[in-house]
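Engineer: my questions concern the predicted model and sequence given below.
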Amino acid sequence: MSKRFIFTIFTLVIIGLAAAVAVFLAKGYTFNPKEGRVVGTGIIAVTSLPDAASVYIDGHLTTATDATISSLVPKEYTVKLIKEGFIPWEKKVKVNEGLVTDLKVTLFPAIPTMYPLTFNGVKNPVLSSDGGKLAFIVSGGKKPGVWVWTFVDNRPIAFARGGQPHQISANGTINYNDAVLRWSSDSKQVLATIGTNNYLLQDEQLNTEPRDITPTLSSTTKTWDDDLKQRDSARLLTIKDVTKRQEASSAAIVRWSPDETKVLFSKDGKSLTGFKVFDTETGQQYDIPDARTQTWLPDSMHVVLVEEGKISIIEFDGNNKAVIYAGNFEGNFVFAWPDSSRLVVISSFPTPTASEPNLYGINLK
């Protein structure tokens, strides 16, 4: 065997080994001197809304969103996102060998804008069970009575009837100023209760002769309650963990995320404590901070917390609590528009022209 042949074979072996090493490095493998072996690395893929946020890994500026950070040694990292004009986001993230950790982050404005949505006064607003319609009382202006806003196609300011709220019953023989409103289980009818009288209103028309259903009130509301219970029971069947299913089914308060993959519940509905979120996809359970009310943001990734004098948003796993608004608003009424772009509150201002409670929007984007 000639020396040239041996040299050629040796060269090919060296090239092959170098190529193998290059492939391993490209796939994120590296040599760990402490363990004395080749170990795999992990990847963090981070996107943000809005994008172009600075990404810090363990305090070091690494990149900007949207980006992929590769060749990370498997361990826990502190990831922080910062963008001017927005509340910083931070979380401890575990990177696993050979896996991609996907982070999808929503950044909220540091100084949200607030603006009026109504001008003639609003009383007793009630959101439909599907989150797509809002009923309320207007006691002032030229057309007092019961009004409805219908959200269309999950667009933030796209309402039925030319993008405007529409009246479904006017004050006249019946005065609705002090009416208590309730939606039917199918979100197509509104029950207006005035003292001992109960009127059923269709939500897509002007009810010139409201139907008094006082004699059949109990059976009507029982049907609605049964429909809602049946709907919740069907959702509970998606929880595969029997213990968690029983825990949620026996809870006093149960609120499903809009995508029905997570459930927010409290065992004791009388207190403001003990709220938890159970993720049916991962089987994980998380504690949610105490608040006066806890409701879902329509993105199913955040929970809206109404606290004393302020409104916050927190991720469903209990991380990154962000105070969105601190100021004057009435009661516990806070809801989000279907695209998660805004919150709606009832507020008023101590001026002659803005003293009436009205609906106000608070931008989240």
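Structural biologist: That came through, no problem.
Engineer: where does this protein dip in pLDDT?
Structural biologist: Within the chain, the stretches with pLDDT under 70 are 1-7, 10, 13, 16-39, 152-163, 269-273.
Engineer: residue ranges of the helices in it, please?
Structural biologist: Using DSSP state H, the helices of the chain run over 3-26, 160-163, 217-236, 242-249.
Engineer: excluding its backbone neighbours, what's nearest residue 143?
Structural biologist: Excluding the flanking residues, the one nearest residue 143 by CB to CB, 6 or more residues apart in numbering is residue 167, at 5.6 Å. Where C-beta positions appear, they are placed from N, C-alpha and C, glycine not excepted.
Engineer: if I pick the most centrally placed residue in the chain, what's in contact with it?
Structural biologist: Nearest to the mean C-alpha position of the chain, counting by CA atoms, centre = their mean, stands residue 297 at 2.1 Å. Contact partners of residue 297, counting by CB atoms under 8 Å, 6 or more residues apart in numbering, are 303, 304, 313, 336, 340.
Engineer: confirm for me that the third one is in contact with residue 301.
Structural biologist: To tie it back to what came earlier, the one meant is residue 313. No: in this structure residue 313 lies outside contact range of residue 301 using CB atoms under 8 Å: 9.9 Å.
Engineer: quick one, which of the two is more surrounded?
Structural biologist: Ranked by neighbour count (other CB atoms under 10 Å), residue 313 and residue 301 place residue 313 first, with 23 against 18.
Engineer: for that one, list the residues it contacts.
Structural biologist: Going by CB under 8 Å, 6+ apart, residue 313 touches 108, 297, 302, 303, 304, 305, 321, 322, 324, 364.
Engineer: of these, buried ones?
Structural biologist: Of all those considered here, the ones buried according to neighbour count by 16 or more other CB atoms under 10 Å are 108, 297, 302, 303, 304, 305, 322, 324, 364.
Engineer: quickly note the distance from the residue lying closest to residue 343 once chain neighbours are set aside to residue 324.
Structural biologist: Distances taken as CB to CB, 6+ apart place residue 362 nearest to residue 343, at 4.5 Å, with adjacent residues excluded. According to CB to CB, to the nearest Å, residue 362 stands 6 Å off from residue 324.
Engineer: anything in contact with each of those two?
Structural biologist: The contact lists of residue 362 and residue 324 share 112, 311, 343, where a contact means CB under 8 Å, 6+ apart.
Engineer: so which of these are in strands?
Structural biologist: The strands, defined by DSSP state E, take in 311, 343 from the shared contacts of residue 362 and residue 324.
Engineer: who wins on neighbours among the shared contacts of residue 362 and residue 324?
Structural biologist: residue 343 (24 neighbours).
Engineer: quick check: beta-bridge partners of that one?
Structural biologist: residue 336, residue 362 (DSSP bridges).
Engineer: do I have it right that it meets residue 305?
Structural biologist: No: using CB under 8 Å, residue 343 is not in contact with residue 305, being 11.4 Å away.
Engineer: overlap in contacts, those two.
Structural biologist: Joint contacts of residue 343 and residue 305 (CB under 8 Å, 6+ apart) are residue 311.
Engineer: can you pull out the strands in the stretch 101-250 of the chain?
Structural biologist: Using DSSP state E, counting those that start in this stretch, the strands of the stretch 101-250 of the chain run over 114-116, 123-127, 133-138, 145-150, 166-170, 180-183, 189-194, 197-202, 211-212.
Engineer: export those strands as a markdown table, with columns for distance to residue 287 and mean neighbour count.
Structural biologist: Shown next, in a markdown table, are these (distance: least, CB to CB, whole Å; neighbours: other CB atoms under 10 Å):
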| stretch | distance to residue 287 | mean neighbour count |
| --- | --- | --- |
| strand 114-116 | 30 | 12 |
| strand 123-127 | 26 | 19 |
| strand 133-138 | 31 | 23 |
| strand 145-150 | 34 | 23 |
| strand 166-170 | 41 | 19 |
| strand 180-183 | 31 | 18 |
| strand 189-194 | 36 | 20 |
| strand 197-202 | 40 | 19 |
| strand 211-212 | 46 | 12 |
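Engineer: distance to residue 268 added to those strands, as CSV?
Structural biologist: CSV is the format used below for the strands of the stretch 101-250 of the chain (distance: least, CB to CB, whole Å):
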stretch, distance to residue 268
strand 114-116, 34
strand 123-127, 24
strand 133-138, 29
strand 145-150, 33
strand 166-170, 37
strand 180-183, 24
strand 189-194, 28
strand 197-202, 31
strand 211-212, 38
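Engineer: show me which of the contacts of residue 297 is closest to residue 122.
Structural biologist: Nearest to residue 122 among the contacts of residue 297: residue 336, at 17.1 Å, using CB to CB.
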